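Undergrad: Predicted structure and sequence below. I'll ask about it afterward.
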Amino acid sequence: MTRYLLKRLGGAAGVLLVLSVAVYALFYLVPGDPARLACGDRCSTQQVEQVRERLGLEDSVVAQYGEFLRGVVAGRDYSTGTAVLHCDAPCLGFSYKTDQQVTQLILERAPATLSLALGAMVLWLVIGVGTGLLSALRRGGITERALTVLTLAGTGTPVFILGLLLLMLVCAYLRWLPFPSYVPFTDDPEQWAWNLLLPWLTLGLYESAKYARLTRGSTLETLAEDHIRTFRAYGVGERAVVARHALRGAVPPVIALSALDFGTMMGGAVLTESLFGIPGVGKTLIDSVRQVDLPVVVGVVLVVGVAVVLANVVADLLYAAADRRVALL
Amino acid sequence: MTELNDAPEPNDPTEPGGPTRPPTNPGTAAEPLVRVTDLTVEFTTDEGTAPVRAVDRLSFTLAAGRALALVGESGSGKSTVASALLGLHRGTGARVGGTVRVGGTDVGAATDRELRALRGAVAAMVFQDPLSSLDPYYAVGDQIAEVYRVHTAATRRAARARAVEVLDRVGIPDAARRAHARPHEFSGGMRQRALIAMALACGPRLLIADEPTTALDVTVQAQILDLLHELRQETGMGLLLVTHDVGVAAESVDDVLVMREGREVERGPVADLLGAPRETYTRTLLAAVPRVDAPLTRGPEPAPEPESAGEVLLEAVDLRREFRRGRRTVTAVDGVSLTVRPGETLGVVGESGSGKTTLGRMLVRLLDPTSGRLRYRGTEIGAASEKELRPFRRELQMVFQDPASSLNPRRSVGESVADPLRAAGALDETRIVRRVRELLERVGLDPDRYDRYPHEFSGGQRQRIGIARALAAEPRLIVCDEPVSALDVTTQAQVTALLAELQRELGLALVFIAHDLAVVRQVSDRVAVMRGGRIVEQGTVAQVYGAPADPYTRRLLAAVPVLDPAHAAARRSARGELPREMAAV
């Protein structure tokens, strides 16, 4: 177990290193001058050169990358032109655009993304697993056919179409809710929930289609297994067979996939965040890519990388806890 | 006559597990434990096609405390009958006709609640595959307790205690502790014991055992059959045994009913039916059963050993193979030395996990030996590179156990057989096709079925295709890994006969790997007995089977079911006196 964790975390460090190199390389391969972009269109050549020097862009790519790594491990000092700032240990650099610390920026944006992902996960677990189970048990009936059509429609509808439809219906046409704008949980929990309701629904419904199919499949698979027949042959009632034995077998893959999806969403459910104007990690990423704000992009990609890798480990651990036959090697 | 107290049979024996054998009084009209009348079961496959009739107007009765075996080959409908006794076809889309009465309950007419009360409490079923028949997620004891609580008002604690009690009864050592283990932590034999414990939990009057020992090794099979026998003596419950293995039936029952294509072929007391079968089919079936006590059928060859001793086709010296499992290293083959001479069959026999498949794969270099030497016609090939091996690949071929999964389902059988020819690259297309057709014909298949796909063939035919593919390269040695264990006895006999014929004609050397001692005896000249990665005994068939030197060989032989019920009973008591070091595996 400990050995497994050490092995996985070691592997994760390697993955992140490769990821950061790849992102750096990508940025220096694309055309465009970061210094000019950072400075803005109206800068004179001289101003651009100042910016270039301040950002350390005249150093070689390797040196810049080395500096970046040093910042992550030990922290580093940084000049804004007028003052020298210190950036503490997991320092991912400063934004070219706003001079804000990337670490701080991500920490600021993370709660919104976390709120969105958590709520969506609750929804997809409830709706997805529920409909999946129902359609497995009502196999061949009208219920199953209806649910199959619905989940297919769910998988087939792009998330921004779904979100737009919801927005139009709920906010514009029925006027049940005002157009949502993000309110942090710490400010007002009730407003937080109301304003996130539509994003949750959008993401949750979209994801639950996938979970419905997964749950349906794994439930049917479990129901066809020999041990289900055993308990039926021993007079155990159908409800107990489903609740105790069929569901138990169907759950592990759902848990594992949920952990993975949750991890991926830490990178921001980009479309949902953009659509509803949620100031989350995903929206930050999109904005910084558009502005060629290298430190922010690298920082966000790395943080997302960490989240995905951790989610993988958590998924493995949960799976092993749910199914004791799985040995963690 | 006790006509006066001819009350309906008590449905609920107040003392579960106690000696409840009812007085057998042939004069009364007391209802037998099981009465099946004109049972017909049909499965509808696709819309439009005619339903498949798995069971066709079958009738039989089983008196309380008696044991009946339903014997037949795969597809004979025997398991379908077993399921019908518990009403397990209900809700599956199968059409059930006729009546089935078990312990006074009309299974067809019973409500769901009545049916559930019957299942497990009056009649309990033991399934074939003990691993998949238990829920992998729960402790074994909890699963038994769950079943017990369905049928009794027992508290959780009492049910757990009952689970430990029955687990102990079926010979699980340290039952109180092992009750907390999950099925995968049990060995195959212990899992089957656990399933039997579950069946015992509610003290049923009828035990239905559907191929209870088919997935088990022969020594474990003997232990399970002995356990069933003991339990029956003790509790007086009736037994309906479903099996394809006539030997298993001979060991365990009073009466036998032979089934074929859903119909009864013949039935009668076990000694009469096996001793003097009336029907041709029964005779064919019995003749096909390989036996360890039949006269040796292989040619008069034991003598010329000294002459051929000079020529050795394949020689293995101190062959080892290790596998890494995480931090642990498992030694699958642990220093095996053997020789194979041209034209002879070397049988390799052993129980599951003995390393015989690993050995077989190393002999044709599908696996690399960890250490040791492997010499083929004087050339060392144990550590040879793939390039150096190329000239020998053609001459060393393999036939696999499961003909269904060792043929590519998406390619026609002709193409599969042509593969080795294409790989050799010597022939042009028309000659390859001609050669494949010859090969198909040679193994007894219609060459016009070249373009058909594996699923259109039966199990035996698929194994013939596997043999044709091995022959295509004109090998000198074929390693057959359990080539007939997935086949019915009659098909098994045909395939082994084909192998023997091909061997005579082409002078092939065969290494025949199997767990079935009787089959190995039938086809081999010499035999090697494997256990724990080592060969414990090696010699001619007459030596190994006639005068086994190793105690393990003796124990294996003592565990093989025999067809004579009287002999089987004698051996059962003899087994009881064997040292029980292997007990409760």
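TA: Cool, the structure landed. Numbering: from 1, shown residues only, chains lettered A, B, ... in the order given.

Undergrad: Whichever residue of the stretch 251-400 of chain B sits closest to chain A: how many residues sit nearby?
TA: Nearest to chain A, among the residues of the stretch 251-400 of chain B, is B:Gly326, at 4.6 Å (CB to the nearest CB). Just so you know, the C-beta spots here come from the backbone N, C-alpha and C atoms, and that holds for glycine as well. Neighbourhood size, B:Gly326 [other CB atoms under 10 Å in any protein chain shown]: 10.

Undergrad: What separation do you get for it and A:Asp323?
TA: Using CB to CB, to the nearest Å, one gets 18 Å for the distance from B:Gly326 to A:Asp323.

Undergrad: now the chain, which segments are flagged as low pLDDT?
TA: You didn't pick a chain, so chain A it is. Counting by pLDDT under 70, chain A has low-confidence residues at A:30-32, A:38, A:79-83, A:268, A:328-329.

Undergrad: meant chain B actually
TA: Residues of chain B that meet the cut-off, pLDDT under 70, sit at B:1-29, B:46-48, B:297-310, B:576-585.

Undergrad: Please list the residues of it that sit near chain A.
TA: Contact residues (CB under 8 Å from any CB of the partner chain) of chain B with chain A: B:86, B:88, B:115-121, B:124-125, B:127, B:129, B:132-138, B:143, B:146-147, B:150-151, B:182, B:184, B:195, B:198, B:326.

Undergrad: Which members of the residues you listed are positioned in helices?
TA: Taking DSSP state H as the definition of helices, the residues of chain B next to chain A contribute B:Leu115, B:Arg116, B:Ala117, B:Leu118, B:Gln143, B:Glu146, B:Val147, B:Val150, B:His151, B:Leu195, B:Met198.

Undergrad: so A:Leu247 makes contact with A:Leu133?
TA: Yes: using CB atoms under 8 Å, A:Leu247 makes contact with A:Leu133 at a distance of 7.0 Å.

Undergrad: Now the common contact residues for the two.
TA: Counting by CB atoms under 8 Å, 6 or more residues apart in numbering or on different chains, the contacts common to A:Leu247 and A:Leu133 are A:Thr219.

Undergrad: Make a markdown table out of the ones in helices among the residues of chain B next to chain A and add neighbour count.
TA: As requested, these are arranged in a markdown table below (neighbours: other CB atoms under 10 Å in any protein chain shown):
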| residue | neighbour count |
| --- | --- |
| B:Leu115 | 20 |
| B:Arg116 | 20 |
| B:Ala117 | 18 |
| B:Leu118 | 25 |
| B:Gln143 | 29 |
| B:Glu146 | 22 |
| B:Val147 | 27 |
| B:Val150 | 22 |
| B:His151 | 23 |
| B:Leu195 | 29 |
| B:Met198 | 29 |
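
Undergrad: Closest to A:Val298 out of the residues you listed?
TA: Nearest to A:Val298 among those: B:Gln143, at 53.2 Å, using CB to CB.

Undergrad: Tell me the spacing between that closest one and B:Gly171.
TA: Using CB to CB, B:Gln143 is found at 18 Å from B:Gly171.

Undergrad: you'd agree A:Leu85 is up against A:Asp77?
TA: Yes: using CB under 8 Å, A:Leu85 is in contact with A:Asp77, at 7.0 Å.

Undergrad: got a list of what the spatially most central residue of chain A touches?
TA: With distances taken as CA atoms, centre = their mean, A:Met265 lies nearest the centre of chain A, 1.2 Å away. Contacts for A:Met265 (CB under 8 Å, 6+ apart) come out as A:Thr113, A:Leu116, A:Ala117, A:Ala120, A:Leu203.

Undergrad: likewise B:Arg394?
TA: Contact analysis of B:Arg394 by CB under 8 Å, 6+ apart lists B:Pro420, B:Ala424, B:Ala473, B:Glu474, B:Pro475.

Undergrad: shouldn't B:Arg377 be in contact with B:Leu313?
TA: Yes: with contact defined as CB under 8 Å, B:Arg377 reaches B:Leu313; the gap is 6.3 Å.

Undergrad: who's more crowded, the two?
TA: Neighbours per residue (other CB under 10 Å) separate B:Arg377 from B:Leu313, with B:Leu313 holding more: 20 against 15.

Undergrad: State the distance from that one to B:Val102.
TA: Plainly put, B:Leu313 is 58 Å away from B:Val102 if you go by CB to CB.

Undergrad: Kindly report the same for A:Val21.
TA: To B:Val102, A:Val21 is 71 Å away according to CB to CB.

Undergrad: same thing with B:Leu498?
TA: B:Leu498 sits 44 Å away from B:Val102, going by CB to CB.

Undergrad: And B:Asp419, by the same measure?
TA: Per CB to CB, B:Asp419 is found 52 Å from B:Val102.

Undergrad: Tell me which of these two has more neighbours.
TA: Using other CB under 10 Å, the more surrounded residue of B:Asp419 and B:Val102 is B:Val102, with 28 against 16.

Undergrad: what sits against that one?
TA: B:Val102 touches B:Leu33, B:Val34, B:Leu85, B:Leu86, B:Leu118, B:Val122, B:Ala123, B:Leu206, counting by CB under 8 Å, 6+ apart.

Undergrad: The second one - how many residues pack around it?
TA: Right, B:Val34. Neighbours of B:Val34 (other CB under 10 Å): 24.

Undergrad: show me where the stretch 301-450 of chain B has helices.
TA: For the stretch 301-450 of chain B, the helices defined by DSSP state H, counting those that start in this stretch cover B:305-308, B:356-363, B:386-393, B:413-424, B:429-442.

Undergrad: Out of those helices, which one sits most buried?
TA: Comparing the helices of the stretch 301-450 of chain B by mean neighbour count (mean count of other CB atoms under 10 Å in any protein chain shown), helix B:356-363 ranks first with a mean of 24.

Undergrad: Now do it: distance to the chain's middle.
TA: 21 Å (CA atoms, centre = their mean, to the nearest Å).

Undergrad: buried set for the helix or strand that B:Leu557 is a member of?
TA: In this structure, B:Leu557 sits in helix B:551-559 according to DSSP states H and E. Of the residues in helix B:551-559, B:Tyr552, B:Thr553, B:Arg555, B:Leu556, B:Leu557, B:Ala558, B:Ala559 count as buried by neighbour count, 16 or more other CB atoms under 10 Å in any protein chain shown.

Undergrad: Then stretch A:163-174?
TA: So, applying 16+ other CB under 10 Å, buried residues of stretch A:163-174: A:Gly163, A:Leu166, A:Leu167, A:Val170.

Undergrad: No further queries at this time; thank you.
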